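Trainee: below are the sequence and a predicted model for it; my questions follow.
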Amino acid sequence: MTAKSTPAVDQVDASYLESLIGYNARRAALSVIEVFLQRMAVYKLRPVDFSVLSLITHNAGITSRQLCTTLAILPPNLVGMVNALEKRELIHRKPHPRDGRAVGLHLTPGGQKLMRDAERTAAELEAQVAARLSTGETRTLIRLLRKIYL
C-alpha cells in the first residue's frame, strides 16, 4: 500500500462511543477518581477503603457480610482490608449484640477523626465536580446512575 492510498484521520469521530452509557459513566468516573486519589493520598485511603470506612462511620456495628453486600465486595477481599484498617487503628471489632457468630465493626477515635476530615474532603471534591451542574441536575444524575446499578 502506498502512502497515497492510506487514509488519514484529521478529526476523530467518537460519536458511537459517546452514545454508550458505559463509556460516558467510565469517563466521568475516571475524571473524578483521579482527583479523589490525589486528595485521599494524605489519608492513605483508596476509594474502596473510603467506602468501607464511610459505611462504618454511618452504620456503627455493621458486619462484614453487610459491607460485602452493600459494596459488592467478595468476602476474601474484604478480610484483608478490614485487617489493614484495624492494624492502622482506624477500626475495631466488637461482638454483635444479636448474632453471637457475627462481629460488628466500629471506628476508633482516630478513625472518627480521619473520616471527618476525609468526608469533608470528599464533599469539597464532589462540589467541584458538580460545579457545572445545577442542584437538580446533580440529583437527577445520581438517581439515573443508581437506576442502572441497583
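Mentor: All right, it came through fine.

Trainee: any weak-confidence spans in the protein?
Mentor: In the predicted model of the chain, residues 1-4 satisfy pLDDT under 70.

Trainee: can we see that at 50?
Mentor: Screening the chain residue by residue with the criterion pLDDT under 50, one finds no matching range.

Trainee: centroid residue for it?
Mentor: With the centre of the chain defined as its mean C-alpha position, the nearest residue by Cα atoms, centre = their mean is residue 47, 4.4 Å away.

Trainee: tell me if I'm right that that one and residue 35 touch.
Mentor: No: with contact defined as Cβ atoms under 8 Å, residue 47 does not reach residue 35; the gap is 11.4 Å. All C-beta atoms are positioned from the backbone trio N, CA, C, and that covers glycine.

Trainee: how much space between residue 118 and residue 52?
Mentor: From residue 118 across to residue 52, the span is 12 Å (Cβ to Cβ, to the nearest Å).

Trainee: ok, the two, which is more surrounded?
Mentor: Legend: neighbour count by other Cβ atoms under 10 Å for residue 118 and residue 52, higher for residue 52 (26 against 22).

Trainee: the more buried one - that's part of a helix, no?
Mentor: Yes: Residue 52: assigned to a helix according to DSSP: H, G, I helix; E, B strand; the rest coil.

Trainee: tell me how far it lies from residue 75.
Mentor: For residue 52 relative to residue 75 (Cβ to Cβ), the value is 13 Å.

Trainee: just residue 45 next, same as before
Mentor: The separation that residue 45 has from residue 75, given Cβ to Cβ, amounts to 21 Å.

Trainee: who's more crowded, these two?
Mentor: A count of neighbours by other Cβ under 10 Å puts residue 45 above the other of residue 45 and residue 75, at 25 against 10.

Trainee: contacting residues for that one?
Mentor: Residue 45 makes contact with 53, 118 under the criterion Cβ atoms under 8 Å, 6 or more residues apart in numbering.
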